[in-house]
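Peer 1: dropping the sequence and predicted coords here.
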Amino acid sequence: MPELPEVEVSRQGLLPYLPGRRIAGAVVRAPRLRHAIPSGLAERLRGLYVDDIVRRGKYLLFDCESGRGGGWLILHLGMSGSLRLVPPGSPAQKHDHFDLVFADTAMRLRDPRRFGVLLWHEGRDVERHPLLAVLGIEPLTDAFDGDWLFAAMRRRNAPIKPLLMDSHLLVGVGNIYAAESLFSAGISPLRAANRISRERYGRLAPAIRATLEASIAAGGTSVRDYVHSDGGAGCFQLSCAVYDRAGDPCTVCGTPIRAIRQAGRSTFYCPRCQR
DNA sequence: CGTTACCCCTGGAGGC
DNA sequence: TGCCTCCAGGGGTAAC
């Protein structure tokens, strides 16, 4: 469910409430998500303050006094994770695996498929954590442009679409936004990455950025006690042009949208608009 | 090395 | 109402 926009919207939804607050405790109900949840995590967190929440790719990083003897809470929502703010002590439902508890609210993690990640990094330098150190460029930074994409892809013979989803190259683009960005740029998801011109990458990079930013903007209104994530700003609040629209007419030319499978993931595209 | 297949896990949808 | 199969927004690992 969460790609970069959903994670960013979650971050923005939490920012008004968590930073500056003291962690009263934590509740760990699942022994492991993708990794084992560190033993003693609740005890380690208690008494620390959340100073800030930052995003790296699809990870949410909670700065818990990292510069003053604390550390970082590393959170990834996986395929089915979502966060919401609940009254402390409110009854947990199935798949509610973790609460970060404050005096008057609690951040609750739900993740039915448990592909998410919940880890602790002691001290500062969280970017050196093995899961974060291998991540590629942030597509919403100035450094990410057509020239960067062209250089990164020039030796790649694989189809462009699965490469756009490779977090070692660039972060945050998942199955929905890869498809939508390629449609927006008029590039076929099947085209070999090293057979796309610099000029076309010059259109693709801004298309990726615009697609992500539009989705963030569409999901950006935060509700008081609810942090959007399980709505999926991708296709819930913002309609998709191609994703999950197999057989429907292309919004531009009317040609039926085609569904194929690439590297184990579904891909949707317009065979006429995208070359 | 680059690329793909498979796996982790649960739940919902649709066929029978 | 039940069972079966397939599918799902992520990503690591192993194998070609």
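Peer 2: The structure has been received and is ready for your questions. Quick caveat: nothing in here was measured; it's all calculated off a predicted structure. Numbering: from 1, shown residues only, chains lettered A, B, ... in the order given.

Peer 1: what is the subsequent helix or strand relative to the helix or strand residue A:131 falls within?
Peer 2: Here residue A:131 is covered by helix A:130-133, with elements defined by DSSP states H and E. The helix or strand immediately downstream of helix A:130-133 is helix A:146-153, counting by DSSP H and E.

Peer 1: now do the domain split for chain A, please.
Peer 2: The record assigns chain A these domain ranges, following automatic domain parsing: A:4-133, A:146-269.

Peer 1: and the first one, how far out from the chain's middle?
Peer 2: The gap between where domain A:4-133 is centred and where its chain is centred comes out at 14 Å by C-alpha atoms, centre = their mean, to the nearest Å.

Peer 1: figure out which of the domains of chain A is closest to DNA strand C.
Peer 2: Within the domains of chain A, the stretch nearest DNA strand C is domain A:146-269; the backing value is 2.0 Å (C-beta to the nearest atom of the strand). All C-beta atoms are positioned from the backbone trio N, CA, C, and that covers glycine.

Peer 1: thinking again about what came up before, need the domains of chain A in a markdown table with mean neighbour count, can you?
Peer 2: What follows is those, written out as a markdown table (neighbours: other C-beta atoms under 10 Å):
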| stretch | mean neighbour count |
| --- | --- |
| domain A:4-133 | 18 |
| domain A:146-269 | 18 |
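
Peer 1: nearest approach to residue A:140 belongs to which of the ones you listed?
Peer 2: Each of those has some distance to residue A:140 by C-beta to C-beta; the shortest is domain A:146-269, at 6.2 Å.

Peer 1: picking up where we left off before, which one of the domains of chain A has the poorest average confidence?
Peer 2: Per-stretch mean pLDDT for the domains of chain A is lowest at domain A:146-269 (a mean of 91).

Peer 1: ends of that one, how far apart?
Peer 2: Domain A:146-269 has an end-to-end distance of 21 Å (criterion: C-alpha to C-alpha, to the nearest Å).

Peer 1: list the contacts of residue A:266.
Peer 2: Shown in contact with residue A:266 (C-beta atoms under 8 Å, 6 or more residues apart in numbering): A:175, A:259-260.
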